[in-house]
Structure formats: structure tokens, C-alpha cells
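>>> Provide a 3D model corresponding to the input given below.
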Amino acid sequence: MCGIFGVYSPLRVPLTVVEELVEENHSRGSSSFGYYARWPRGEILHRELGDYNVESIVIPLSSTLLLFHGRAPTSGSRGLLGTQPFISQRWVFGHNGILTSCPKGRPSQSDSSRFLDLILSKVSVSSTESVGEAIAQASRDVDGQFACFLYDREEEQLFLWRQMAPLFLTLNLVGSLIVFSSVKTSHSTSPVTPGEVVRVDLEHFRQEVVATFPNRSIYQGV
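Numbering: from 1, shown residues only. Here you go, the predicted model:
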């Protein structure tokens, strides 16, 4: 079990929202943590072993996007190699859950890393429209429970999807705030529907379902 959350605001990421998300997600995983942050003139990926609190997240005040993962490892390396988020080319990926079947990878590779490789193997680099279907196809090829985010650093598109594992999302147009979280909070209130791949357009504050996949996990019907 791990905890994931993300915050976007075109103004800046509000510290009070981050504090709540850290507090609510902390119990879901604290053996290691990592975060990706973006601001108008830069970006950073930080990963670290050990426990965390809100003071562990050091980002510029001008940051407009924060993606966070707190880990409770179930497979693969328990060191920094398995600490998320992962970055591969233009993509930032975070996963919470337990996969009971996933394509084989390197001996030290975690299920999460193999899941990302599977997704990217199906993505057409020439079209962002294919990303949702690639996620859906990869999700059909694994069993278990999962909640994930995939961020496109070039197109500034965020993809969210889940199977069994909890994931909540809210677009607050009045407050110019987008929040997702493994835990329901005052800022993330609406559950993402299992089996739906949701694309969030950060620039235009829009969300849409771009692909679907059936419930093929061992927890069928739950």
C-alpha cells in the first residue's frame, strides 16, 4: 500500500493543501518518498529513503505542479531504485497498489516499474491521443489493484486511472485548483471511476474519460 497525491494551480501550489495531503496520506506509506515539481522556469525530481513530513517537500514558491508518492514496498528494490515517482523520457509515473501478475522485467525491477514499461511500450510517440488507450491496454494485461498517475511533461496532460485501489479527484474552477489523492480529503472528494482512464488538461481545467478497461483482477465484482 502506498499513497499518491498531486496538486496543480496556475498561481502556485498552496502549502495548506499540501499539508493536508501529506497528513492524510502518510499512513499509506512512509518507508521512502519522492516528488516531482514544476514551475514556469524549471522542474525537479526528488527521491529519498525514510519517513517524511511536509517540511521534507522543498520546492520553489512559484511551483504550479506537485506530484507525490509515499511508498510502502511490496516488490522490487526497497532502496532508491524502487522509490517513485519514476521519470522516463517525457513521462512522470506513480503507482499505488499490488499487481498479482505483470510482464517480467529485471530481477530488481518493481511491479510499478514494469507496469510503466508496459504502458510506454504501447504509446505512440506521435500522438497524445494514443496515451489513454495505451494505459487501458496495459491495464487489461495485468491483474491486481492499482491507482496511478502519468504526467506528460511536454503536453502538460495528466492521466489518472484505478482498479480497486482508491483515488479521488476534484477540479475546483473557482479556486483554480486541481487535486487528486489516494485518500478523500476536503480538496479531493470525487472518486475516479474504476476502469476509466481520465485525462486532465491542466491548462484548460478540463477532464474527460479517454479510454476504458474491464475489471479483470482477482477481485472481480468488488
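>>> so, low pLDDT: which residues of the protein?
Counting by pLDDT under 70, the chain contains low-confidence ranges at 73-78, 103-109, 124-129, 216-222.
>>> that one: strands as residue ranges?
3-8, 32-39, 42-49, 65-71, 86-88, 91-101, 143-152, 157-163, 168-172, 177-181, 190-191, 196-201, 206-212 (DSSP state E).
>>> run through who's touching the fourth one.
Translated: strand 65-71. Contacts made with strand 65-71 from outside it, assessed by Cβ atoms under 8 Å, 6 or more residues apart in numbering, are listed as 2-8, 13, 18, 21-22, 25-26, 28-39, 52, 57, 59, 82-85, 92, 94-96, 149, 151, 202. All C-beta spots, glycine's among them, are computed from the backbone N, C-alpha and C.
>>> now the fifth one
For strand 86-88, contacts defined as Cβ under 8 Å, 6+ apart pick out 36, 45, 92, 93, 94, 112, 113, 116, 120.
>>> go again using 6 Å as the cut-off
Strand 86-88 is contacted by residues 45, 93, 116 when judged by Cβ atoms under 6 Å, 6 or more residues apart in numbering.
>>> same question for the first one.
Here strand 3-8 makes contact (Cβ under 6 Å, 6+ apart) with 13, 17, 21, 25, 28-29, 65-70, 94, 96, 178-182, 202.
>>> could you dump that strand to PDB, C-alpha only?
Below are the C-alpha coordinates for strand 3-8, written out as PDB (Å, rounded to 0.1, in the frame of the first residue of the first chain):
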ATOM      1  CA  GLY A   3       0.000   7.000  -1.000                       C
ATOM      2  CA  ILE A   4      -0.100   9.200  -4.000                       C
ATOM      3  CA  PHE A   5      -1.300  12.800  -4.500                       C
ATOM      4  CA  GLY A   6      -1.000  15.700  -6.800                       C
ATOM      5  CA  VAL A   7      -1.700  19.400  -6.700                       C
ATOM      6  CA  TYR A   8      -1.900  21.900  -9.600                       C
END
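>>> how big is the angle separating that strand from strand 143-152?
For strand 3-8 against strand 143-152, the angle by axes from the mean of the first three to the mean of the last three Cα atoms, to 10 degrees is 20 degrees.
>>> just the angle between strand 3-8 and strand 32-39, please?
Going by the same axes, to 10 degrees, strand 3-8 makes 10 degrees with strand 32-39.
>>> okay, now the sheet partners of strand 3-8, with direction.
Strand pairing for strand 3-8, using DSSP bridges, gives strand 65-71 (antiparallel), strand 177-181 (antiparallel).
>>> deepest of those strands, which one?
Greatest average neighbour count among those goes to strand 65-71 (a mean of 26), per mean count of other Cβ atoms under 10 Å.
>>> how distant is that one from the center of its chain?
7 Å (Cα atoms, centre = their mean, to the nearest Å).
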